[in-house]
Each structure stands twice: as structure tokens, then as C-alpha cells.
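# Provided below for reference: sequence and predicted model.
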Amino acid sequence: YYKEKTGGNLKLILVGECFIEVPVNKDISWIGTVTEEEKFAILEGASAFVMPSENESLSISTLEAMCVGTPVLVNGKSNVLHNHIEKSNAGLYFYQKEDFSAALNFMITNHKTAIAMGENGIQYVMRNYSWDGIIDTLQRAIEEIAEGCLEIGIKR
């Protein structure tokens, strides 16, 4: 749909195990399984990372794309992915093919904004998913629980 509406020279690169039949098309390539190094090189070289699933519980691959500064385009029907975008400003979300096409076209034609989204993604992942970020979050949670216990009279 996107190519029909906009033309352009983008190519869809599919990586990993394939559970669907990939259509024969000059603009679609299925690479298959790759090493970690190859995966990150592909992510870094991408104009955008697309996560079309509406059933994601965390989406490590979306976070990996954010981590290397690639803007992400995700299915807004996934609450987790929608929240990642709302909190990070590291990309856009879509609900239907028209939204997808408009969002991808925006990312491709607004290079400075796409770069800023990528930078936001790096900061979001570092803040929320690095070891230091996780430890800080756990420490704050433990302190809040301890304070709550003291308020209701439970001793440590």
C-alpha cells in the first residue's frame, strides 16, 4: 500500500524466522536468521524499524532498534508499544494501512525529526532498560513500599 501511494525507493527487509509466505517482490527481502552483530548493523542502517504486531508484551526488537537510534513505527493497538512511543517520542504508531503509510512517509521525508526520534529512543532505553535504570527503578519501588509500610504501622 505504501509503495502504491508514495512510490519511492524503500525496501522492506525481513529478518529472522519466517512464518508466512514472503511474496516475490523486488522491494521485499527476507534475510533469515542473522548473528547479533548483523542484526544490529541492519537496525543501525535502517530508515525505520516497523513492529506490526498488536500482541507485544515488551518487544525486545523494538527496544533494540531504539537503542541504536533507529526511529520506530509500531502498531498502536498494542498498549505496550503505544506506551513506548508515548513515553519515548522515539517514533510513531499506526492503526490501519493509511496511518502506516502517512507515518512512514513522515519519517522518511522529515530527516531531522527522524534523527531526533532516534536520539529520544536511545535516551529512553538507557533511562528505563539499562542496568543502572533498572536498579534505580527497583530502589525507588522498594523505598515507596517501605514508606507505605511505615505509614500504616508495619515495622521493617
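Sure thing, it's come through. Note that this is a predicted model, so its numbers are computed, not measured.

# what helices and strands are in contact with the helix of greatest length in the chain?
Using DSSP state H, we find that the single longest helix of the chain is helix 131-151. When contacts are defined as 3 or more C-beta pairs under 8 Å, 6 or more residues apart in numbering; DSSP states H and E, helix 131-151 sits against helix 111-129. From N, CA and C alone the C-beta is placed, and that goes for glycine too.

# now the helix it packs on - C-alpha only, PDB.
Only the C-alpha atoms of helix 111-129 are listed here, as PDB (Å, rounded to 0.1, in the frame of the first residue of the first chain):
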ATOM      1  CA  HIS A 111      15.000  13.600   8.300                       C
ATOM      2  CA  LYS A 112      15.800  15.900  11.200                       C
ATOM      3  CA  THR A 113      12.700  14.700  13.100                       C
ATOM      4  CA  ALA A 114      13.600  11.100  12.400                       C
ATOM      5  CA  ILE A 115      17.100  11.700  13.800                       C
ATOM      6  CA  ALA A 116      15.600  13.300  16.900                       C
ATOM      7  CA  MET A 117      13.200  10.400  17.300                       C
ATOM      8  CA  GLY A 118      16.200   8.100  17.200                       C
ATOM      9  CA  GLU A 119      18.100  10.100  19.800                       C
ATOM     10  CA  ASN A 120      14.900  10.000  22.000                       C
ATOM     11  CA  GLY A 121      14.900   6.200  21.700                       C
ATOM     12  CA  ILE A 122      18.500   5.900  22.800                       C
ATOM     13  CA  GLN A 123      17.700   8.000  25.900                       C
ATOM     14  CA  TYR A 124      14.500   6.100  26.700                       C
ATOM     15  CA  VAL A 125      16.200   2.700  26.600                       C
ATOM     16  CA  MET A 126      19.100   3.900  28.700                       C
ATOM     17  CA  ARG A 127      16.800   5.500  31.200                       C
ATOM     18  CA  ASN A 128      14.400   2.600  31.500                       C
ATOM     19  CA  TYR A 129      16.200  -0.600  30.500                       C
END
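
# just the residues contacting it, thanks.
Residues outside helix 111-129 that contact it (C-beta atoms under 8 Å, 6 or more residues apart in numbering) are 47-48, 63, 65-72, 84, 87-92, 106-108, 133-134, 137.
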